[in-house]
Every structure is written in structure tokens, then in C-alpha cells.
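Student: Structure for the following, please:
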Amino acid sequence: MEKLQAEDARYLKRKVKGGSLDVHPTEKALIVQYELEATILGEMGDPMVGERKECQKIIRLKSLNANTDIATLARKVVEECRLIHPSKLPEVEQLLFYLLNRKKSGNGYIMCTCCPVLLTDKREKHSPRDLAPFEGMELDEEANINRIDHYVELLYEDIPEKVRGATLILHLARNPDNLEELLQNETALGALARVLREDWKQSVDLATTIIYVFFCFSSFSQFHGQVTHYKIGALCMNIIEHELKRYDLWQDELQKKAANQNVKKEHEKAFKKYQGLLIKQEQLLQVALHLLLNLAEDTRTELKMRNKNIVHTLVKTLDREDEELLVLVVSFLKKLSIFLENKNDMAETYAVEKLARLLPCKHEDLLNTTLRLLLNLSFDTGLRSQMVQAGLIPKLSALLADESQRQLCMCILYHISVDDRFKSMFAYTDCIPQLMKMLFDCGESPMDPELISFCINLAANKRNAQVICEGNGLKMLMKRGLKLKDVLTMKMIRNVSQHDGPTKNLFIDYVGDLAAQTGVQEREEYVIECLGTLANLTIPDLDWELVLKEYNLVPFLKNHLKPGSAEDDLILEVVIMIGTVSMDDSCAAMMAKSGIISALIELLNSQQEDDEFVCQIVYVFYQMVFHQATRDVIIKDTQAPAYLIDLMHDKNAEIRKVCDNTLDIIAEYDEEWGRKIQSEKFRWHNSQWLEMVDNRAMGDDGEPFMYGDDGEPFMHNGDILERPDLFYSAGTEGSRNTQQRLNLFYSAGTAGGRQVGESGVEPFFFTFNITF
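Tutor: Next comes the predicted model:
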């Protein structure tokens with residue numbers, strides 16, 4: 001038969017299926033697990049003979065060292081090894097990072113965080129006898145797949161024999177080639193699950209070993225269904241909760257004995273026993289959590305874990321001291337943290353406070369994983385507040401010196417710096433000097449966006465700005481910003497310039513350089529930052545008239561006031577700049593002569609729905625009415641006062657405030673406008689009362705409400721403030737006392753929004769048909 005098949009065979013079909021990635025236990029190498037399937041096809045293309053085999057490829061990385069670019073090396077590995085799919089590039093980077101930072105422990109073992117087992121540091125190929133599952137659980141015989149029935153029989157004996165049988169099966173399960181065959185043996189898996197369910201409280205070693213067997217299956221996604229079938233995940237959750245309660249009891253007993261001086265020897269004995277129990281318990285926790293982490297690959301399974309309070313359990317485990325266990329717990333929390341519900345659970349359990357305890361630490365993997373978890377959590381405002389309360393700002397600032405962790409620390413600190421409440425706290429750490437050194441080390445090369453964004457946020461605080469400017473800080477920033485036309489550097493400089501005090505005076509030397517940037521064809525975003533910096537320089541000793549003339553800025557400012565002439569951001573900065581220079585009397589006169597006031601009114605009409613534009617334009621009018629020359633132009637030659645009256649009742653409090661102040665100055669210098677302003681304020685504050693009087697006058701037969709003594713209607717003629725009829729009325733209501741009428745007079749009206757006539761220039765008071 002075999003001969004016939006060989007003769008009929010025409011084609012050999014070979015198929016390779018990629019599998020899992022792992023690190024070599026002793027060498028600087030990656031192990032690629034893959035499946036090779038060979039099929040012999042007949043003349044008609046029908047498969048005749050097929051065979052599958054689990055294989056592995058070792059990729060040795062002898063050149064891997066502290067100076068290696070991990071990202072570049074990972075890309076090279078993926079490109080040259082066709083067994084690794086490009087989608088696994090992040091996983092390759094993580095494994096390379098682990099290989100680079102893997103350290104040996106004092107007992108000659110290599111600590112492996114990707115698998116809960118200690119691997120002996122030997123160069124020869126490892127057999128099951130060499131690689132014991134746990135320290136102190138070595139076997140005196142080699143496990144054989146052909147004796148699986150005998151091993152299952154041991155599971156029906158006493159506890160020691162059950163441990164032995166489970167350990168032998170574990171040695172078989174640790175070889176991936178045996179997993180398929182073990183999976184077919186439902187008797188063995190069913191017996192293991194039954195023993196675990198019934199006897200896990202009687203022996204920690206037994207529970208650990210059996211969970212380890214199922215962990216081997218959970219390392220492969222295709223076997224998760226079988227692990228779930230035996231409800232191992234739910235059982236592991238119960239075991240972990242029980243062990244954590246036992247740990248609390250041990251702690252309480254030790255504290256009681258430590259407090260009693262009469263049983264000192266008994267305490268020392270109990271402490272030694274506690275240490276032994278703790279080692280075994282942490283091995284159990286580590287294996288169980290590894291299994292759960294593998295099963296959590298399925299989000300539906302992860303949701304079931306969440307419903308069983310997995311987050312609370314993991315956060316409670318953060319109190320432990322074993323670094324390998326902590327790496328696993330933090331990794332699990334990091335995976336869970338991407339879901340809102342889990343993140344909220346971490347906030348409720350104050351996970352950040354416990355994570356802060358782990359920073360800094362000498363264990364590179366634990367440090368890196370903790371920072372990654374904190375980065376995920378830092379997107380939440382409440383959790384950022386917890387980070388600050390836990391004292392993470394100085395800790396993370398100190399870690400900026402560690403180049404391998406710098407990027408993560410900077411991203412977390414950047415998120416914290418977004419909140420204005422916490423910006424000032426950076427001034428009392430060594431964070432800003434380190435950042436400034438990083439900026440200057442960049443030279444003329446592009447800066448990391450995280451670095452400059454972080455600096456921009458910090459510069460928005462006055463104390464931070466002072467620290468930034470210490471030494472030659474501002475000089476170096478200005479040199480880089482102006483030479484490279486760097487928008488982000490100029491944005492940082494602009495933030496520094498907004499603070500009053502000694503820092504603002506440092507900019508006097510750079511006014512000319514900044515003003516010169518407006519006269520050349522630069523990118524708008526760059527000009528915006530330069531102009532914004534100039535607009536912030538409200539310095540009394542600065543001769544703005546000289547600056548405007550020397551750099552011919554007035555035509556530039558006027559041309560950019562036209563709606564649509566540039567982006568709104570640039571136009572807004574032009575308005576703010578005009579407000580700044582208008583503080584100077586001679587500059588304000590230059591503005592008035594150039595026709596800028598009319599351009600501002602036109603801009604106000606087109607941007608009336610934008611509160612920022614309206615507020616800044618009104619502020620320009622406020623500055624100009626202080627000066628005689630510009631005040632006369634505004635009052636006599638423009639309709640700006642009518643617009644200000646119109647905006648006097650705007651819904652925006654800042655606009656109302658600036659309008660009131662400007663109108664008060666106008667009323668002080670112009671009697672006619674003063675009466676109009678006073679009348680409008682009266683109408684506004686007594687609008688309800690006026691409406692009531694008007695309605696009663698129109699609906700009542702009593703003529704005294706509609707006409708004055710001379711028979712003329714008083715509601716629409718004459719100055720309303722000159723009519724005493726408004727305060728004393730005849731008829732049935734004449735019995736009201738004076739106090740009641742005064743109360744009506746002082747009643748406030750309802751708040752209103754901005755109202756501008758259709759033509760954009762019609763004065764507000766004309767809409768009420770009032771003649772003055």
C-alpha cells in the first residue's frame with residue numbers, strides 16, 4: 001500500500017503555520033514555535049498522506065546589548081524571519097526588551113517573567129528532569145507519555161501520591177508536543193480537575209501543580225475552551241481569594257506575637273514558618289494569575305472575571321513583596337485598565353497609592369510595567385489627582401534621568417501638567433532643569449513632541465516660567481525659536497511671556513526680533529506665536545511707537561483686520577496686539593488716524609457670535625477711550641458707543657464688565673451719551689416694572705395710565721428719567737405706599753443676550769422708538 005501511494009504521488013504540499021513567541025531560557029535568543037504540515041497529493045490533486053509536526057526555530061541575538069535600538073532590531077527580526085507575522089512586531093519588541101534587562105538571581109537561576117518557573121542556567125538542552133516546575137519539587141524519574149494511565153491512577157491515592165502523579169503529568173504538559181495527546185485523554189484532565197476542586201485546601205503543592213498543568217494548556221488560545229470547560233478559571237479565582245484571606249490572618253497572628261514580649265522565641269519560630277508558607281503561597285498565586293491572564297485574552301472571559309472582582313483582588317495583591325509576582329499582577333492590571341469599568345474599579349480601590357510604593361525600584365521589568373499602567377490610568381482626571389496626592393510628581397521627575405524609562409515618565413507627567421491645579425508643583429522638583437537640558441541637547445534637530453508639549457504646559461505657570469528663564473534659559477529658547485522658525489518653541493516662549501513680573505522684562509531685548517517676523521512671508525502659525533508674544537508684553541518702559549514705526553506694523557495690523565484676510569487665530573492676535581499698543585497715547589492716535597477703529601467695528605459685526613473676538617475688540621475700545629484723541633474719534637466719528645450699549649447686557653460676564661467700564665468713561669466725558677447710557681441702564685434694571693406698567697396702561701380704561709397731564713402719552717416721548725408719572729400713578733392702585741413703588745423701581749430684569757440690528761450699526765435705543 002505504501003509503495004502504491006509513493007508511485008501515485010505527484011506533488012508534495014508543504015504548509016507552515018506560525019505559532020507563539022517566547023524568550024530562550026538561558027541565551028539571548030527568541031524561540032519561534034510553528035506548525036509544519038506536509039501533504040502528499042495524488043495525480044488528481046487529492047491528498048494521499050498528511051503529517052503535522054510542532055517545530056521551533058531559535059533566533060540568536062548575540063549583538064543585543066545596552067546600546068541596541070530595540071525598535072530597529074525588532075523590525076529586522078520580523079523582516080528576516082518569515083515565521084513571524086508583521087502584526088507581532090510589538091510583541092517582538094517587548095521580548096527583546098525583556099532579554100536586554102533579564103537578570104540572574106543569586107541562586108544561579110534565571111528569573112523568567114513570561115512563565116512562572118525557575119530555569120537552571122545550563123547550556124545543554126533541557127529535559128523534564130532538568131527543569132523542575134518549582135524549587136524543591138524535583139522528580140527521581142523521567143515522565144513518559146506512555147505511562148499516563150499510571151499517573152492518573154496516582155490521583156486516586158493519598159495526598160503525597162496525588163502530588164507525585166500531578167507532577168509527572170505536569171512534566172509531560174510542559175512539552176508542547178504532548179498537549180494534543182493529553183487533550184484527548186479526558187480521563188486524565190477530568191481527574192485533575194476533580195482533585196483540584198476537592199483537595200486544593202489540603203495541599204498547596206497539589207493545587208499549584210494541577211493549576212500549572214492547566215496553565216500549560218492556557219498558553220495556547222486553541223485550548224482555552226477545554227480549560228474553561230473544566231471551570232478552572234472560576235476555581236482559580238476562589239483559590240486566590242482564599243489565599244489572600246489566609247495571608248491577612250498570618251499577618252494578624254505575627255503582629256499579635258510580636259507585640260507580646262513574653263513569647264519572643266515563639267514569634268521567631270512562627271516567622272520562619274510564615275516565610276516558608278509565603279514562598280509556597282506566592283508560587284500558587286503566580287501560577288493561578290498566569291492562567292487567568294491567558295484566559296483573559298477573550299474579552300467575554302475577562303468580563304466574567306471583572307464581575308468576580310478581579311480588579312479588587314489584584315490591587316490587594318499589590319501589597320506583596322515578591323517582585324516576580326508583582327510584575328505579573330501589574331501586567332494583569334495594565335491589560336484590564338483599557339476598559340472603563342476596570343479603570344473605575346482601580347480608582348475606587350486606590351490602586352495608584354499602592355503603585356506609587358513600587359517607584360522607584362531596581363527591578364527593570366516591574367518598573368517599566370508599573371509606569372505603563374500609570375500611563376493608562378493618567379488619562380483619567382480623578383486618577384491624576386490621586387497620583388499627585390501619592391507624591392508621584394517628584395518620583396517621576398527623578399526617573400527622567402533614566403533614559404530607558406524617560407519616555408513613559410514624560411508622558412505621565414505631561415498628562416498631569418494638563419491640569420492647572422498641579423502645574424506649580426513642578427517648580428519644586430528637578431523636573432524643569434532636566435527638561436531644559438534635554439531641549440538644549442537637541443541642538444537644531446527636531447524635538448520629541450512629548451518633550452516640547454510638556455514644556456509648553458509647564459510654561460503656563462508663573463513660577464515655572466521663572467525657573468525656565470533662570471540662567472540663559474530664555475536666551476537659548478529665543479535663539480532656537482527664531483533661527484529654526486520652530487512653532488512649538490515659540491509657543492513655549494509665548495506662554496512664558498504672559499506672566500507679569502521679572503520674566504516679562506527679559507523680553508525687552510527681543511522685541512525687535514519678534515516684530516521683524518511679521519514683515520516676512522512666514523507660516524501663519526509661526527507668525528501667530530510671535531505676534532502673541534509681542535501682545536503679551538505690557539511693559540510700561542517699552543516704546544511701542546518706535547516699534548510700530550521702525551517695523552511698519554500699522555499697515556500689517558490694519559490689513560489683517562479684514563474678515564477672511566487670514567485665519568481667525570491670526571486675526572484675533574492682531575486685535576490683542578492693537579489692544580496692547582493702544583495703552584500708549586501716541587500709538588492709540590496712530591491707530592485712530594489709520595482707520596483701524598472702523599475696521600474693528602466691521603470685524604465686530606462679522607464676528608459677533610464669537611465671545612473671544614467681541615471681548616478683545618471691546619477691550620481695544622476700553623484702552624482707546626483713555627486717550628483724548630482716540631476718545632473723540634470713537635464718540636463722534638464712529639458708532640462704537642452704540643455697539644457698546646448693545647453689548648452691555650451680553651450673556652458673557654467678561655464682555656459685560658469691559659463694556660460697563662468703557663461706557664462709564666464715555667459717560668464721564670460726553671454728556672449726551674451719558675444720558676443715553678443712563679437711560680438704557682434704567683430700562684434694563686427695571687424692564688419688568690416697565691413692562692407691567694405698559695401692559696396695564698394698554699389694557700385698562702383708566703386714562704391716567706396712558707396719558708400725562710397735558711393729554712400726551714408719556715411712555716414713548718421725552719426722557720423717561722424726567723417723568724415722575726412712572727413712580728406715582730392714580731386710580732385703584734393709588735393706595736400703595738412709596739416703599740412698594742421703590743421696590744418695583746429697583747427690581748432687576750431678566751438676563752439677555754447680545755442683540756445687534758440687521759444692518760449691524762443701528763443703535764440699540766432706536767429699537768424702542770424712544771426720542772431723546
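
Student: Just the element for D22, please.
Tutor: strand 11-23 (DSSP states H and E).

Student: for the following helix or strand past that strand, packing partners?
Tutor: Sequence-wise, the next helix or strand downstream of strand 11-23 (DSSP H and E) is strand 29-41. Where contact means 3 or more Cβ pairs under 8 Å, 6 or more residues apart in numbering; DSSP states H and E, strand 29-41 is packed against strand 11-23, strand 47-60, helix 89-101. No exception for glycine: its C-beta is placed from N, CA and C like everyone else's.

Student: what about 6 Å?
Tutor: Under the contact criterion of 3 or more Cβ pairs under 6 Å, 6 or more residues apart in numbering; DSSP states H and E, strand 29-41 touches strand 11-23, strand 47-60.

Student: Go ahead and measure how far it is from the middle of the chain.
Tutor: Distance, stretch centre to chain centre, for strand 29-41: 42 Å (Cα atoms, centre = their mean, to the nearest Å).

Student: That strand vs helix 89-101, what angle?
Tutor: 140 degrees (axes from the mean of the first three to the mean of the last three Cα atoms, to 10 degrees).

Student: For strand 29-41, the averaged confidence score.
Tutor: What strand 29-41 shows for mean pLDDT is 78.

Student: For that strand, which strands pair with it and how are they oriented?
Tutor: Applying DSSP bridges, strand 29-41 is found paired with strand 11-23 (antiparallel), strand 47-60 (antiparallel).

Student: which residues in the stretch 451-600 of the chain form helices?
Tutor: Applying DSSP state H, counting those that start in this stretch to the stretch 451-600 of the chain gives helices spanning 462-468, 473-484, 487-497, 502-505, 511-516, 524-535, 544-550, 553-559, 568-581, 585-593, 596-606.

Student: Now do the buried residues in the second one.
Tutor: Using 16 or more other Cβ atoms under 10 Å as the burial criterion, the residues of helix 473-484 that qualify are G473, L474, L477, M478, R480, G481, L482.

Student: what's the burial count for L293?
Tutor: 19 (other Cβ atoms under 10 Å).

Student: err, Y510, not the other one
Tutor: 22.

Student: can you check D177 too?
Tutor: Neighbours around D177, by other Cβ under 10 Å: 11.

Student: repeat for T299
Tutor: 10.

Student: Contacts only, for it.
Tutor: By Cβ atoms under 6 Å, 6 or more residues apart in numbering, the contact set of T299 is empty.

Student: Contacts only, for Q184.
Tutor: With Cβ under 6 Å, 6+ apart, Q184 has no contacts at all.

Student: okay if I get the helices of the stretch 451-600 of the chain as a markdown table plus distance to I416 and mean pLDDT?
Tutor: Shown next, in a markdown table, are the helices of the stretch 451-600 of the chain (distance: least, Cβ to Cβ, whole Å; pLDDT from 0 to 100):
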| stretch | distance to I416 | mean pLDDT |
| --- | --- | --- |
| helix 462-468 | 13 | 96 |
| helix 473-484 | 22 | 94 |
| helix 487-497 | 17 | 96 |
| helix 502-505 | 23 | 92 |
| helix 511-516 | 31 | 94 |
| helix 524-535 | 24 | 94 |
| helix 544-550 | 38 | 94 |
| helix 553-559 | 39 | 92 |
| helix 568-581 | 27 | 94 |
| helix 585-593 | 41 | 90 |
| helix 596-606 | 39 | 91 |
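
Student: pretty sure G233 is touching N294, no?
Tutor: No. Look at G233 against N294 with Cβ atoms under 6 Å: they stay out of range, at 9.6 Å.

Student: Just give the number of residues close to C431.
Tutor: 25.

Student: Surely it touches S397?
Tutor: Yes. Contact criterion Cβ under 6 Å: C431 and S397 qualify, at 3.8 Å.

Student: quick one: the closest residue to S586 other than its chain neighbours from Y551, how far?
Tutor: Excluding the flanking residues, the one nearest S586 by Cβ to Cβ, 6 or more residues apart in numbering is E545, at 4.6 Å. Counting by Cβ to Cβ, to the nearest Å, the gap from E545 to Y551 is 12 Å.

Student: same question, N536
Tutor: According to Cβ to Cβ, N536 and Y551 sit 17 Å apart.

Student: repeat for D664
Tutor: In terms of Cβ to Cβ, D664 sits 35 Å off from Y551.

Student: For the helix or strand harbouring T313, enumerate the helices and strands it packs against.
Tutor: In this assignment (DSSP H and E), T313 forms part of helix 310-317. Secondary-structure packing of helix 310-317 (3+ Cβ pairs under 6 Å, 6+ apart): helix 323-336, helix 340-348.

Student: hmm, try it at 7 Å
Tutor: helix 232-259, helix 323-336, helix 340-348 (3 or more Cβ pairs under 7 Å, 6 or more residues apart in numbering; DSSP states H and E).
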